[in-house]
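Enquirer: give the three-dimensional model of this entry:
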Amino acid sequence: DILITDHSMPEMTGLALATEARKVSPNLRVLMVSGQLTPLLVEQANLCGVTAQLAKPLESETLFPTVRRLLMGNAT
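Expert: This next block holds a predicted model:
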């Protein structure tokens, strides 16, 4: 299973969603996308159990291989 989330959402951040989802499913792979992916956000995401991060705008040439790697059990 894989969760793909944006970082900026109305009710909670992608980091909060990843944290809560991994409480329910500790082995869940999480891909977070953000329009403002900074080194600090990447560090925080790693601490929250986010498996991979991608910057927006996304191209299928970037998204699809990342999802494939995550589904195969490999982090990016």
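Enquirer: return the strand or helix carrying residue 66 as CSV; C-alpha atoms alone will do.
Expert: Secondary structure from DSSP states H and E places residue 66 in helix 60-71. Listed next in CSV are the C-alpha coordinates belonging to helix 60-71 (Å, rounded to 0.1, in the frame of the first residue of the first chain):
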residue,chain,number,x,y,z
SER,A,60,4.6,11.5,-15.0
GLU,A,61,8.2,10.7,-15.8
THR,A,62,9.1,11.5,-12.2
LEU,A,63,5.9,10.4,-10.4
PHE,A,64,5.5,6.9,-12.0
PRO,A,65,9.0,5.6,-11.3
THR,A,66,8.9,6.9,-7.8
VAL,A,67,5.6,5.2,-7.1
ARG,A,68,6.9,2.0,-8.7
ARG,A,69,10.0,2.0,-6.5
LEU,A,70,7.9,2.6,-3.4
LEU,A,71,5.5,-0.2,-4.3
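Enquirer: who are the packing partners of it?
Expert: strand 2-6, strand 29-34, strand 52-55 (3 or more Cβ pairs under 8 Å, 6 or more residues apart in numbering; DSSP states H and E). Where you see a C-beta, it was placed from the backbone N, CA and C, and this is true even at glycine.
Enquirer: by contact count, what packs against the first one?
Expert: Counting contacts by 3+ Cβ pairs under 8 Å, 6+ apart, the secondary-structure elements packed against strand 2-6 are helix 14-24, strand 29-34, helix 60-71.
Enquirer: want to throw the ones you listed into TSV with mean neighbour count?
Expert: Below are the helices and strands packed on strand 2-6 laid out as TSV (neighbours: other Cβ atoms under 10 Å):
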stretch	mean neighbour count
helix 14-24	16
strand 29-34	22
helix 60-71	13
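Enquirer: just put the ones you listed in JSON lines and tack on distance to residue 43 and mean pLDDT.
Expert: Converted to JSON lines, those look like this (distance: least, Cβ to Cβ, whole Å; pLDDT from 0 to 100):
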{"stretch": "helix 14-24", "distance to residue 43": "11", "mean pLDDT": "95"}
{"stretch": "strand 29-34", "distance to residue 43": "13", "mean pLDDT": "96"}
{"stretch": "helix 60-71", "distance to residue 43": "19", "mean pLDDT": "93"}
